[in-house]
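Student: Sequence unavailable; structure follows:
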């Protein structure tokens with residue numbers, strides 16, 4: 001718990017320090033110098049060049065180094081050249097605009113860049129979008145933090161089967177409010193994150209709920225993604241995935 005508090009405070013402090021350095025015109029060059037969580041002043045953004053702030057590229061060496069032993073582990077299925085580094089802006093819950101980062105499969109990098117651009121234009125709220133390595137690739141921790149992410153070499157929750165996140169072909173959005181919910185054979189409910197049981201009730205009214213009227217649902221499905229909320233045996237309301 002103490003470690004989590006320290007990390008949260010460090011994240012906020014870093015954001016405040018970086019935001020103080022982003023006054024004036026904000027360009028794609030400015031964007032590349034910032035990491036996820038940095039607060040950006042919208043007064044410095046040239047709206048006619050806004051799309052230039054939504055990018056994807058090969059993974060920088062510094063990011064790749066951070067991923068080792070966390071989101072990336074040696075395996076025969078996915079290599080560095082199969083992945084891309086996506087950067088974008090997003091509106092968060094406190095009214096700020098922040099930088100977001102994501103690692104995904106190269107097959108969906110353009111999709112994600114276009115989707116996050118449209119979400120931004122429509123003031124869609126995403127609380128946090130940092131790389132899962134910040135949480136030591138602990139899925140429960142990052143879900144409790146309501147983190148939005150894609151690639152992480154890991155199995156499906158509660159199984160030994162590799163997740164589509166392990167290929168970078170899936171994205172989870174606002175994870176706390178859109179949990180993974182499964183009724184076990186004994187009738188008990190398995191929820192991830194464990195703090196999100198109340199949000200398994202999709203008939204309830206609450207903010208940040210992804211359903212078929214939600215813009216994220218509409219954009220992801222328009223780009224050919226499948227939604228975990230449509231699954232039968234489990235419901236994964238945060239989850240969008242695309243076939244390779």
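Tutor: Received, thanks. This structure is a prediction, so every number in the text was calculated from the model and none was measured.

Student: got a list of what the spatially closest residue to residue 239 that is not a sequence neighbour touches?
Tutor: Excluding the flanking residues, the one nearest residue 239 by CB to CB, 6 or more residues apart in numbering is residue 228, at 3.4 Å. C-beta coordinates here come from the backbone N, C-alpha and C atoms, glycine included. Residues in contact with residue 228 (CB atoms under 8 Å, 6 or more residues apart in numbering) are 180, 234-241.

Student: Would you mind putting those residues into CSV with distance to residue 66 and secondary structure alongside?
Tutor: Shown next, in CSV, are those (distance: CB to CB, whole Å; DSSP: H, G, I helix; E, B strand; the rest coil):
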residue, distance to residue 66, secondary structure
180, 26, strand
234, 31, coil
235, 32, strand
236, 27, strand
237, 29, coil
238, 23, coil
239, 24, strand
240, 25, strand
241, 24, strand
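
Student: what's the closest of these to residue 205?
Tutor: residue 237 (14.7 Å; CB to CB).

Student: Quick check: chain neighbours aside, which residue is closest to residue 121?
Tutor: residue 50 (7.9 Å).

Student: contacting residues around the one you found?
Tutor: Per CB under 8 Å, 6+ apart, neighbours of residue 50: 117, 120-121.

Student: Just after the lowest-mean-pLDDT helix or strand in the chain, pick out the following helix or strand.
Tutor: Every helix and strand of the chain was ranked by mean pLDDT, DSSP states H and E. The lowest is helix 2-19, at a mean of 45. Remark: after helix 2-19, the chain's next helix or strand is helix 28-32, criterion DSSP states H and E.
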